[in-house]
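Quick one: sequence plus predicted model below, questions after.
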Amino acid sequence: MKKNAFFIMLIVTFALSGIAHYAHWDMIAQFAFSAIAILFVAGFLGKATESVAHYAGQRLGGFLNATFGNAAELIIAIFLVREGLFDMVKASLTGAIIGNLLLVLGLSMLLGGIKFKQQHYNVEAAGHNATLMIMAVIGLFVPAVFVTSENFSVRKDEILSLSVAGILILSYLLWLIFSMITHKDILADEQAPPDHGEEPAWSKRTSVLYLITATVMVALVSEWLVGTLDTFSARFGLSELFIGAFVIAIVGNAAEHSAAVMLAMKNKIGAAVEIAIGSSLQIALFVAPVLIFVSTLFGQTMDILFTPIELTAIAVAVFIAQSVSRDARTNWYEGALLIMVYLILGIAFYLV
């Protein structure tokens with residue numbers, strides 16, 4: 001019954017969002033319907049990836065969930081890049097990184113920790129995740145410092161941005177080879193409890209079909225949503241920074257929220273951490289660099305220079321997330337701390 005109600009709401013909100021867009025309703029109404037629709041579409045994406053994860057295993061499943069969960073952010077960002085809204089793109093990437101590290105991981109630890117006093121996952125994976133998070137900060141921090149302090153020309157800025165983007169993508173691809181092929185046994189989550197005969201929501205073929213369908217739906221709703229952002233931000237006096245870093249990020253992270261929290265409450269904190277931290281790493285090491293190359297295809301290269309505010313937010317999120325996750329043990333209090341840091345950043349971004 002609940003599943004039928006979800007699919008009815010999914011279809012209704014998606015249809016209303018499409019009607020609002022193509023019938024040229026008031027922009028605020030378009031924004032509202034698109035934002036609600038993308039929550040249900042992202043939830044559908046989360047359910048599909050969780051079902052696929054059942055067949056693929058927890059680690060690969062967590063990676064797939066993070067990848068398809070990031071489809072919303074990537075697709076929204078591509079439309080923003082096409083419109084030349086580079087500042088909003090960077091803000092949305094910042095929001096996606098801190099949203100996953102603080103809000104998604106925080107909620108997972110909090111709700112999972114309330115149900116289970118202490119949860120454990122692979123300590124090797126925790127250590128490598130911490131190192132990769134620092135790598136991501138270095139990749140975003142170094143260009144900003146050098147270009148600003150040395151007053152690089154536009155050409156040098158482009159060369160540095162494209163070079164760093166290529167190196168970050170290579171680093172991420174090497175991590176996939178390391179974690180999924182050469183060292184997958186070492187990084188396997190041995191702490192994960194058995195499924196006890198739990199059946200996936202759908203068959204393997206249906207799960208893959210739904211995954212593709214959900215991704216297409218995310219692409220459509222994302223395009224409708226992006227078209228309303230200028231009017232929405234102007235109407236309510238919100239900065240592009242706040243819209244990108246919190247509104248778009250929270251909406252786009254809906255898939256990760258639902259899947260990670262659900263897994264944590266099943267005592268599968270390893271998969272939840274893989275989704276939250278893995279998603280942030282994917283944004284910083286793969287999605288952001290890919291967008292640099294995508295912008296070049298559109299005729300104007302977006303640099304990889306994040307503002308001091310954005311870099312500070314990312315560094316703070318990485319620092320606290322690394323601190324609470326490095327020992328591969330979690331509890332509800334650590335989750336609460338992550339959420340508190342997210343609230344601090346949210347208030348600061350709102351006042352910009």
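Received it, and whenever you're ready, just let me know what you need.

which residues touch Asn331?
The contact partners of Asn331, taken as C-beta atoms under 8 Å, 6 or more residues apart in numbering, are 109, 113, 117-119. The way it works is simple: take the backbone N, C-alpha and C, and place the C-beta from them, glycine included.

can we see that at 6 Å?
Listed by C-beta atoms under 6 Å, 6 or more residues apart in numbering, the contact partners of Asn331 are 113, 118.

Repeat that for Val287.
Val287 touches Leu74, counting by C-beta under 6 Å, 6+ apart.

Which pLDDT value goes with Leu45?
pLDDT for Leu45: 77.

Helix or strand: which one has it?
helix 27-56 (DSSP states H and E).

what are the ranges of the helices in the stretch 101-250 of the chain?
All helices of the stretch 101-250 of the chain, identified by DSSP state H, counting those that start in this stretch, fall at 105-115, 123-150, 154-177, 204-226, 229-236, 240-242, 249-252.

who touches the shortest one?
Yep, that's helix 240-242 we're talking about. With C-beta under 6 Å, 6+ apart, helix 240-242 has contacts from 87-88, 91, 349-350, 352.

I'd like the residues you listed as CSV, with distance to Val247, pLDDT and secondary structure appended.
Output for these, formatted as CSV (distance: C-beta to C-beta, whole Å; pLDDT from 0 to 100; DSSP: H, G, I helix; E, B strand; the rest coil):
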residue, distance to Val247, pLDDT, secondary structure
Asp87, 14, 84, helix
Met88, 10, 80, helix
Ala91, 10, 83, helix
Phe349, 10, 87, helix
Tyr350, 10, 87, helix
Val352, 14, 79, coil
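
For PyMOL, write a command that selects the buried ones of these.
Here is the PyMOL command that selects the buried residues among these (16 or more other C-beta atoms under 10 Å):
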select buried, resi 87+88+91+349
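
which among the contacts of helix 240-242 gets closest to Met302?
For these, the closest approach to Met302 (C-beta to C-beta) belongs to Asp87, at 9.7 Å.

Who's the closest spatial neighbour of the closest one, skipping the chain neighbours?
Using C-beta to C-beta, 6 or more residues apart in numbering and skipping the chain neighbours, the partner closest in space to Asp87 is Glu240 (5.3 Å).

And the pLDDT for that neighbour?
The model's pLDDT for Glu240 equals 71.

likewise the one 10 residues further on?
Model confidence at Ile250, given as pLDDT, is 73.

Leaving out chain neighbours, which residue sits closest to it?
Gly99 (6.4 Å).

close enough to count as contact, the one you found and Ala249?
Yes. Assessed by C-beta atoms under 6 Å, Gly99 is found in contact with Ala249 at 4.3 Å.

Compare those two (neighbour count), which wins?
The neighbour comparison of Gly99 against Ala249 (other C-beta atoms under 10 Å) goes to Gly99, with 32 against 25.

Please confirm that the more buried one is located within a helix.
Yes. Membership of Gly99 in a helix is supported by DSSP: H, G, I helix; E, B strand; the rest coil.

one step back: what about the helices of the stretch 101-250 of the chain, which gets the closest to Phe306?
With C-beta to C-beta as the criterion, Phe306 lies closest to helix 123-150 of the helices of the stretch 101-250 of the chain, at 5.4 Å.

Give me the packing partners of that closest one, helices and strands only.
With contacts taken as 3 or more C-beta pairs under 6 Å, 6 or more residues apart in numbering; DSSP states H and E, helix 123-150 sits against helix 154-177, helix 308-325.

Tell me what angle that helix forms with helix 308-325.
If you take axes from the mean of the first three to the mean of the last three C-alpha atoms, to 10 degrees, helix 123-150 sits at 160 degrees to helix 308-325.

Return the distance of helix 123-150 from the chain's centre.
Relative to its chain's centre, helix 123-150 lies at 17 Å (C-alpha atoms, centre = their mean, to the nearest Å).

Flag every buried residue along that helix.
Buried, per 16+ other C-beta under 10 Å, within helix 123-150: 125-130, 132-133, 135-137, 139-140, 143-144, 147.

Kindly report the same for stretch 209-223.
Buried, per 16+ other C-beta under 10 Å, within stretch 209-223: 210-211, 214-215, 217-223.

and those residues as JSON lines, adding distance to Lys156 and pLDDT?
Output for these, formatted as JSON lines (distance: C-beta to C-beta, whole Å; pLDDT from 0 to 100):
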{"residue": "Tyr210", "distance to Lys156": "46", "pLDDT": "87"}
{"residue": "Leu211", "distance to Lys156": "42", "pLDDT": "80"}
{"residue": "Ala214", "distance to Lys156": "42", "pLDDT": "83"}
{"residue": "Thr215", "distance to Lys156": "37", "pLDDT": "77"}
{"residue": "Met217", "distance to Lys156": "41", "pLDDT": "86"}
{"residue": "Val218", "distance to Lys156": "37", "pLDDT": "79"}
{"residue": "Ala219", "distance to Lys156": "35", "pLDDT": "75"}
{"residue": "Leu220", "distance to Lys156": "39", "pLDDT": "83"}
{"residue": "Val221", "distance to Lys156": "39", "pLDDT": "85"}
{"residue": "Ser222", "distance to Lys156": "33", "pLDDT": "76"}
{"residue": "Glu223", "distance to Lys156": "34", "pLDDT": "74"}
